[in-house]
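Asker: Structure of the sequence below:
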Amino acid sequence: MTITTPPAVSMVEDSTALDVRSALRRLLDSRFTPQELLQFVADDDDVDRELWTTIARDLGLTALLIPEDLGGAGASARESAAVLVELGRSVAPVPYLSSAVIATTALVQCARLGSPSAAGVLPDVADGAIAVLAIPAGRSSHSAANSTVTATSSADGSVVVSGNIAQVLGAAGATSILVPAEHHGAASLVLVTDDAPRVAVSRRTGIDRTRATADLQFDAVGGVIVADGEGARVAVQVALDTGAALLASEQVGICEWSLDAATQYLTVRHQFGRPIGSYQALRHRTAQLWIDINHARAAAIYAASTLADGSADQAVAGSLAQAYCSTTALRVVEETLQMHGGIGFTWDHPLHLYLKRAFADTVLLGDADTHKRALAALIDIPQPAGWSAA
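Answerer: Purely as a prediction, here's the structure:
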């Protein structure tokens, strides 16, 4: 019997990913300060469109996951993960995860299945047009879902969709909507464009004011089927798995900002004539955060690398990264909040925005328990006696 060892997958960022991070951080540092973030939230907007346009057209980052033959940059999940780390550091209110990762992945899958309509919108998405996969924000590929939208064929051969989908991430301003629908008793994906009449978008006010969700109502809206049957199911699954794996990188960015903010504050804040960072208890807590963040970073980079390399381990890596990084990000921000004392609890400090983003991310695309159960099934860990999946 011959035993083969799969090729090693890197758990450190390569030079290209570091270059992407460097360019995006310069932009965010100059164009999107914490004060501008607080003002954006106070203005109650959905998307910073000027920032989004710069990210898309000046830096070309929305084209990363689109192959060159479909009008994109032909990069990989490694580079998209680097983008999400920096966007996590700034909790920038742009729909990168929902449009440039999740919806784009689904559109690429449909284009590869032979849909000219899906292929036709990808160049616009690469140029910054917002696309959305109309899936409830808390759903993952491991959670069961019943279709709430039906697709009906018209006499002229076109398709109309009717129904509603709640809490769709990144729906505001979307020009292309991929709608999972039931068509003749089978799964399908219907592409609806923004010029279609009778699409009602109702914004939801959630805990995370930097990432809006909305309810979508379709009233006999015309569209075109871009995938059906098993192809539609796989397209949605791949998009959700990719989104969950790369969400871990955003959570690492939240951790990095939080640790930087904590160490800076511990240096400048004095108590009893000395910096509070000189006290052993706080030094040990900060050191533990540094250890936890490095574990999270390795898990996130590994998940992105398995996607980039098409590794057979990508399902395991994705669930592992999400199960660990979502809880780690929330704990790191909570610790940072405690270290800041009273100032950290004020609305004048941006910390509360990071806390809300970290908390919202714990249930986005599946919570930690969902991914732990998926991971256990993937690596054949038996279910404990008396354990319930509910």
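Asker: can you count the residues close to the nearest residue to I102 once chain neighbours are set aside?
Answerer: Nearest non-adjacent residue to I102, counting by CB to CB, 6 or more residues apart in numbering: G243, 4.1 Å away. Where you see a C-beta, it was placed from the backbone N, CA and C, and this is true even at glycine. If you count neighbours by other CB atoms under 10 Å, G243 ends up with 26.
Asker: Also the one 5 residues further on?
Answerer: A248 has 33 neighbouring residues, counting by other CB under 10 Å.
Asker: Confirm that it sits in a helix.
Answerer: Yes: counting by DSSP: H, G, I helix; E, B strand; the rest coil, A248 falls inside a helix.
Asker: quick one: it and A299 touch, right?
Answerer: Yes: applying CB atoms under 8 Å as the test, A248 and A299 come out as touching, 6.4 Å apart.
Asker: shared neighbours, those two?
Answerer: Residues touching both A248 and A299 (CB atoms under 8 Å, 6 or more residues apart in numbering): 321, 324-325.
Asker: now, which of those lie within helices?
Answerer: 321, 324-325 (DSSP state H).
Asker: from these, which would you call buried?
Answerer: When these are checked for burial by 16 or more other CB atoms under 10 Å, the buried set is 321, 324-325.
Asker: so which of those residues would you say is closest to A151?
Answerer: A321 (34.1 Å; CB to CB).
Asker: What distance do you get for that closest one to T210?
Answerer: According to CB to CB, to the nearest Å, A321 stands 22 Å off from T210.
Asker: One more: A63?
Answerer: A63 is 23 Å from T210, by CB to CB.
Asker: ok, those two, which is more surrounded?
Answerer: Higher neighbour count among A63 and T210: A63, with 25 against 21, using other CB under 10 Å.
Asker: mind listing what the closest residue to that one other than its chain neighbours touches?
Answerer: Spatial nearest neighbour of A63, excluding adjacent residues (CB to CB, 6+ apart): A126 at 3.6 Å. A126 is in contact with 56, 60, 62-63, 66, 71-73, counting by CB under 8 Å, 6+ apart.
Asker: same thing but 10 Å
Answerer: Neighbouring residues of A126 by CB atoms under 10 Å, 6 or more residues apart in numbering: 56-57, 60-66, 70-73, 100, 104.
Asker: again, but for I102
Answerer: Contacts of I102 (CB under 10 Å, 6+ apart): 65, 95-96, 131-133, 135, 169-170, 178, 236, 238-244, 246-247, 365.
Asker: let's go with 6 Å and repeat that
Answerer: The contact partners of I102, taken as CB atoms under 6 Å, 6 or more residues apart in numbering, are 133, 239, 243.
Asker: Likewise for A172?
Answerer: 46, 212, 214.
Asker: just checking, T105 touches A239?
Answerer: Yes: between T105 and A239 there is a contact under CB atoms under 6 Å: 4.3 Å.
Asker: just the strands in the stretch 151-300 of the chain please.
Answerer: Assigned by DSSP state E, counting those that start in this stretch, the strands in the stretch 151-300 of the chain fall at 159-169, 176-183, 186-193, 199-204, 213-228, 270-271, 274-275.
Asker: which of these sits most buried?
Answerer: strand 176-183 (a mean of 25; mean count of other CB atoms under 10 Å).
Asker: partners of that one, with directions?
Answerer: strand 131-133 (parallel), strand 149-153 (parallel), strand 186-193 (antiparallel) (DSSP bridges).
Asker: on that earlier part again, and the residue nearest to A63, how far is that from I66?
Answerer: In terms of CB to CB, A126 sits 5 Å off from I66.
Asker: Determine the residues that are contacts of both of these two.
Answerer: G72.
Asker: Pull the number of nearby residues for S99.
Answerer: S99, neighbours per other CB under 10 Å, totals 28.
Asker: residue contacts, it?
Answerer: Residues 130-131, 170 are the ones in contact with S99 under the rule CB under 6 Å, 6+ apart.
Asker: buried subset of the residues you listed?
Answerer: If we count by 16+ other CB under 10 Å, the contacts of S99 have these buried: 130-131, 170.
Asker: got a list of what the residue nearest to I102 touches?
Answerer: 101-102, 365.
Asker: swap the cut-off to 10 Å and go again
Answerer: Taking CB under 10 Å, 6+ apart, one finds 97-98, 101-103, 105-106, 133, 135, 140-141, 169, 318, 322, 364-366 in contact with G243.
Asker: joint contacts of T105 and A239?
Answerer: L133.
Asker: Quick one: mean pLDDT over stretch 287-296.
Answerer: For stretch 287-296, mean pLDDT rounds to 96.
Asker: cool, and stretch 201-214?
Answerer: Rounded mean pLDDT across stretch 201-214 is 87.
Asker: and the end-to-end length of that stretch?
Answerer: Separation of the first and last residues of stretch 201-214 by CA to CA, to the nearest Å is 6 Å.
Asker: now that stretch, how far from the chain's geometric center?
Answerer: 15 Å (CA atoms, centre = their mean, to the nearest Å).
Asker: cool, stretch 277-289 as well?
Answerer: 31 Å.
Asker: cool, and stretch 352-369?
Answerer: Counting by CA atoms, centre = their mean, stretch 352-369 comes out at 11 Å from the chain centroid.
Asker: now do the same end-to-end measure for it.
Answerer: Terminal-residue distance, stretch 352-369 (CA to CA): 25 Å.
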